[in-house]
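fold the following and give me the result.
(one chain, ligands or ions: 2)
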Amino acid sequence: MPSPIVLVADPLPAHLTAELAADFDVRHCTGADRAQLLAAVPEASALLVRSATRVDQEVLDAAPRLRVVARAGVGLDNVDVAAAARAGVVVANAPYSNVVSVAELTVGLVVALARPVLPASASVHAGHWRRADFQGVELAGNTVGVLGLGKVGELVAVRLRAFDMRVLTHDPHVRDDALERTGAQAVSLEELLRQSDVLTVHVPLTDTTRGLIGERELSWAKPGLRLVNTARGGIVDEFALAQALKEGRLAGAALDVFEFEPPLSSPLLGLPGVIATPHIGAGTAQAQERAGREAVRAVRQVLTGGAPDPAA
Ligand SMILES: NC(=O)c1ccc[n+]([C@@H]2O[C@H](COP(=O)([O-])OP(=O)(O)OC[C@H]3O[C@@H](n4cnc5c(N)ncnc54)[C@H](O)[C@@H]3O)[C@@H](O)[C@H]2O)c1
Ligand SMILES: O=C(O)CC[C@@H](O)C(=O)O
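Numbering: from 1, shown residues only. Ligands and ions are numbered 1, 2, ... in the order given. As a prediction, the model looks like this:
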């Protein structure tokens with residue numbers, strides 16, 4: 001009997017896909033366009049993705065043999081989980097694989113907004129020595145608002161408490177034990193914006209969180225707010241954010257994620273005070289290894305008939 005086909009649609013560590021190739025027919029279509037994906041998927045029993053490949057009804061319809069979609073990462077907004085369930089396809093993600101990496105990048109961005117490290121470095125490289133141009137603010141004593149006190153939000157809160165920041169949170173499903181571990185105080189979304197010097201976004205992108213931080217919410221912002229988003233584009237309205245930055249109501253923003261990636265037409269690109277990174281929250285060797293390993297394990301479990309770990 002021929003080996004089941006495992007289609008690798010986004011880049012994963014090569015040694016992990018090589019391990020799978022010992023037992024399955026592993027085929028790669030990383031960097032493929034939509035038409036190439038649709039052409040490759042009909043034979044596949046398993047599909048391995050990260051955040052770039054959109055697995056929607058059209059892909060599922062084109063894949064009658066598909067038994068598992070394994071997402072090497074946390075967010076499942078690129079997978080139509082309900083459609084997969086209807087088609088009897090297991091969806092598995094790697095919920096703890098990269099949360100430390102995302103939290104560490106977030107803290108780095110919070111620091112980089114408070115102390116203008118990036119423009120100062122560019123200035124020195126350009127041959128200048130302008131110490132007075134790069135005054136920042138201390139984080140100690142500032143208030144950070146953590147929007148979404150889940151796995152990443154909690155790690156960020158604990159790390160920023162160590163900077164002597166006061167931590168507020170807004171999360172409709174917040175658990176008491178998370179509040180205890182972080183020392184965060186739960187407030188409404190409006191109070192979060194009114195009181196925070198730094199707002200950091202850690203909610204998933206869903207129908208209810210799309211546009212959660214828009215014009216109205218930014219009108220509540222404490223003057224000089226600095227905003228960090230390492231969760232998903234689409235949660236923060238990029239046009240409303242750009243307007244608030246241009247009007248000087250916000251002091252800066254750091255974004256690892258954009259509504260459209262790459263964000264070629266984002267109003268935020270080129271704005272002073274904006275730090276932009278190319279969705280690298282999970283971009284560490286350790287996170288990639290863990291996420292890839294969990295995804296590969298899910299594929300193996302489903303294709304060999306073991307009980308799969310459910311997506312979280
Ligand atoms: N930049 C990256 O590379 C990267 C990597 C990993 C995860 N992420 C993103 O980070 C997100 C968060 O990850 P996580 O592991 O902390 O998820 P999580 O599920 O553990 O936590 C999400 C939290 O958001 C809360 N929430 C949901 N709706 C809310 C709302 N309307 N207002 C306030 N809070 C709300 C939930 O109650 C939960 O506590 C992921 O969904 C993913 O999109 C990005
Ligand atoms: O594909 C990636 O590495 C990004 C993953 C990240 O956004 C996640 O949700 O886990």
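
pull up the residues of the stretch 201-312 of the chain that are close to ligand 2.
279, 281, 282 (CB under 6 Å from any ligand atom). For every residue, glycine as well, the C-beta is placed using N, CA and C.

residue nearest the centroid of this protein?
Nearest to the geometric centre of the chain sits residue 231, at 3.7 Å (CA atoms, centre = their mean).

how near is that residue to residue 18?
Noted for residue 231: a distance of 32 Å to residue 18, by CB to CB, to the nearest Å.

likewise residue 209?
38 Å.

in contact with the nearest residue to residue 231 once chain neighbours are set aside, which residues?
Distances taken as CB to CB, 6 or more residues apart in numbering place residue 201 nearest to residue 231, at 4.7 Å, with adjacent residues excluded. By CB atoms under 8 Å, 6 or more residues apart in numbering, the contact list for residue 201 reads 147, 148, 213, 227, 228, 229, 230, 231, 235, 236.

sort out for me which of these are in strands.
147, 227, 228, 229 (DSSP state E).

okay, strands next: where are they in this structure?
5-8, 25-28, 44-49, 68-71, 90-92, 143-147, 166-170, 185-186, 198-201, 225-229, 250-255, 274-276.

can you get me a residue count around the residue lying closest to residue 275 once chain neighbours are set aside?
Excluding the flanking residues, the one nearest residue 275 by CB to CB, 6+ apart is residue 254, at 4.0 Å. As a burial measure, residue 254 scores 25 neighbours (other CB atoms under 10 Å).

quick one, what contacts residue 254?
So residue 254 contacts 109, 110, 112, 113, 226, 227, 228, 229, 274, 275, 276, 277 (CB under 8 Å, 6+ apart).

indicate the residue of the stretch 201-312 of the chain located nearest to ligand 2.
Relative to ligand 2, the nearest point of the stretch 201-312 of the chain is residue 282 (3.9 Å; CB to the nearest ligand atom).

thought residue 102 was touching that residue, still the case?
Yes: between residue 282 and residue 102 there is a contact under CB atoms under 8 Å: 6.4 Å.

got any residues that touch both of these two?
By CB under 8 Å, 6+ apart, the residues touching both residue 282 and residue 102 are residue 74.

coming back round to it: give me whichever of the strands of the chain is most buried.
Stretch with highest mean neighbour count among these: strand 68-71 (a mean of 29; mean count of other CB atoms under 10 Å).

what sits up against that strand?
45-50, 55, 78-79, 84, 89-94, 295-296, 298-299, 302-303, 308, 311.

so for the residue of the stretch 201-312 of the chain closest to ligand 2, what's the pLDDT?
pLDDT recorded at residue 282 is 98.

would you turn the contacts of residue 201 into TSV with distance to residue 192 and pLDDT?
Putting the contacts of residue 201 into TSV (distance: CB to CB, whole Å; pLDDT from 0 to 100) gives the following:
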residue	distance to residue 192	pLDDT
147	7	99
148	11	99
213	10	99
227	12	99
228	13	99
229	14	99
230	17	98
231	15	98
235	14	98
236	13	98
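
out of those residues, who's near ligand 1?
For ligand 1, the contacts drawn from the contacts of residue 201 by CB under 6 Å from any ligand atom are 147, 148, 230, 231.

mind listing what the third one touches?
Meaning residue 230. Residue 230 touches 102, 105, 106, 109, 152, 200, 201, 202, 256, 257, 281, counting by CB under 8 Å, 6+ apart.

returning to that earlier point: distance to ligand 1 and neighbour count for the residues of the stretch 201-312 of the chain next to ligand 2 - can I get that in TSV?
Converted to TSV, those look like this (distance: CB to the nearest ligand atom, whole Å; neighbours: other CB atoms under 10 Å):
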residue	distance to ligand 1	neighbour count
279	6	19
281	3	25
282	4	26
